[in-house]
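Novice: following is a predicted model, sequence given first.
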Amino acid sequence: MNFEKEPRAVQKALLVVTKFGFLRKETFWNYLTTPNVSYKYDLWNHLMATGYLAEYNRIGVAENYFCLSIKGTRLMCDLGYQPVAKVHPLHFEHDEIILNFALACEKDELIKDSWQTERVAKTLSPLEQVKLTGGILEKYPDLLFEVNVEKIKILCALEVERTRKSKSRYDAFVLAYTRHKGIGLILVAHKDEYVKRSILESVKRLGYPQDRRPIVFCKVSEILSQPSNFEISINSKKIRFSSYVNNLRSIVANQPEKSPEFHSGKNSGDSKATI
């Protein structure tokens, strides 16, 4: 197989499995192919015929979940990638929130295709971490991604918080991002408003630079239903993620290049924000 000559959807599917450890057929259909149904079938059948994916083959896992086969793992390693291990089924729900966000936002050109999962980031050497993020990661985000804005690199983190944690854990969360100045925006997806309140209390108590590198919030349910057009809240404002990115584009287009540190402040939902 000549990887470079394969359809883009097939290449992307193998890269997704390499980074996440699994892929659902529905994910392939929803985000990696065109709307043409017959073409979806052709691409999927072609992908299966390559032999680079295998059914998950675990008790309790539906037949529509796939991982890299031995042949697929060898291919990706030969191409210079380090595939992550198969995901435990208990992590599917958490990881699919992240996967839907990454693929939907990339497809709608809101984020760049250079995103990295937590499991991939953990394999990076200190030098590679510095090159990617500007420093050593004290905490590995669920997803590292760049907003698709020209002229400036705005590295962001997605954190999916589905359960409550102790105050000390939220303090550690905030302190880790306080010390890492290379990440300009932290997006926290939560199921429980308690998570949002607790993190904001830590932000206030610890003096986190919310005006420069904001921690913003959204609901897990909205990412699942509208993975590229969910609502985010920052300070007292609410705005759609797509509108937020478009506002950043307008701001950056009219300003000279600066560092990735990111000044949103109380105006972060409108075009008066500054970078």
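Specialist: Received the coordinates, thanks. Residues are numbered from 1 along each chain as shown.
Novice: how many neighbours does Ala62 have?
Specialist: Neighbours of Ala62 under the rule other Cβ atoms under 10 Å: 11. Quick note: C-beta positions are derived from backbone N, CA and C, even for glycine.
Novice: and if you look at Val174?
Specialist: That count, for Val174 with other Cβ under 10 Å as the rule, works out to 25.
Novice: then Val130?
Specialist: 14.
Novice: cool, Ile152 as well?
Specialist: 19.
Novice: give me the pLDDT for it.
Specialist: What the model reports for Ile152 is a pLDDT of 89.
Novice: that one contacts Asn254, doesn't it?
Specialist: No. In this structure, Ile152 is not within contact of Asn254 by Cβ atoms under 8 Å, at 11.9 Å.
Novice: which residues touch Tyr81?
Specialist: By Cβ atoms under 8 Å, 6 or more residues apart in numbering, Tyr81 lies in contact with 15, 18.
Novice: rerun that using 7 Å as the cut-off
Specialist: Thr18 (Cβ atoms under 7 Å, 6 or more residues apart in numbering).
Novice: is it located within a strand, as I assumed?
Specialist: No. Checked against DSSP: H, G, I helix; E, B strand; the rest coil, Tyr81 lies outside a strand; its state is coil.
Novice: in the stretch 151-275 of the chain, which spans are strands?
Specialist: Secondary structure of the stretch 151-275 of the chain, counting by DSSP state E, counting those that start in this stretch: strands at 155-161, 185-190, 215-219, 231-234, 237-240.
Novice: can you put these in a markdown table and add distance to Leu14, mean neighbour count and mean pLDDT?
Specialist: As requested, the strands of the stretch 151-275 of the chain are arranged in a markdown table below (distance: least, Cβ to Cβ, whole Å; neighbours: other Cβ atoms under 10 Å; pLDDT from 0 to 100):
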| stretch | distance to Leu14 | mean neighbour count | mean pLDDT |
| --- | --- | --- | --- |
| strand 155-161 | 22 | 22 | 98 |
| strand 185-190 | 26 | 23 | 98 |
| strand 215-219 | 29 | 22 | 98 |
| strand 231-234 | 31 | 19 | 96 |
| strand 237-240 | 32 | 16 | 96 |
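Novice: possible to save those strands as TSV with distance to Leu32?
Specialist: TSV is the format used below for the strands of the stretch 151-275 of the chain (distance: least, Cβ to Cβ, whole Å):
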stretch	distance to Leu32
strand 155-161	20
strand 185-190	22
strand 215-219	24
strand 231-234	25
strand 237-240	24
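Novice: so which of the ones you listed is nearest Arg119?
Specialist: Shortest distance between Arg119 and the strands of the stretch 151-275 of the chain, using Cβ to Cβ, is found for strand 155-161: 13.6 Å.
Novice: now that closest one, how far from the chain's geometric center?
Specialist: Distance of strand 155-161 from the chain centroid (Cα atoms, centre = their mean, to the nearest Å) equals 7 Å.
Novice: that one pairs with which strands, parallel or anti?
Specialist: strand 143-146 (antiparallel), strand 185-190 (parallel) (DSSP bridges).
Novice: next, the angle from the longest one to strand 215-219.
Specialist: Same thing as strand 185-190. 30 degrees (axes from the mean of the first three to the mean of the last three Cα atoms, to 10 degrees).
Novice: shaky segments in this protein?
Specialist: Where the chain drops to pLDDT under 70, the residues are 1, 256-275.
Novice: show me where it has helices.
Specialist: Ranges of helices within the chain are 8-20, 25-31, 37-50, 70-78, 92-107, 118-121, 126-133, 167-179, 193-206, 220-225, 241-253, based on DSSP state H.
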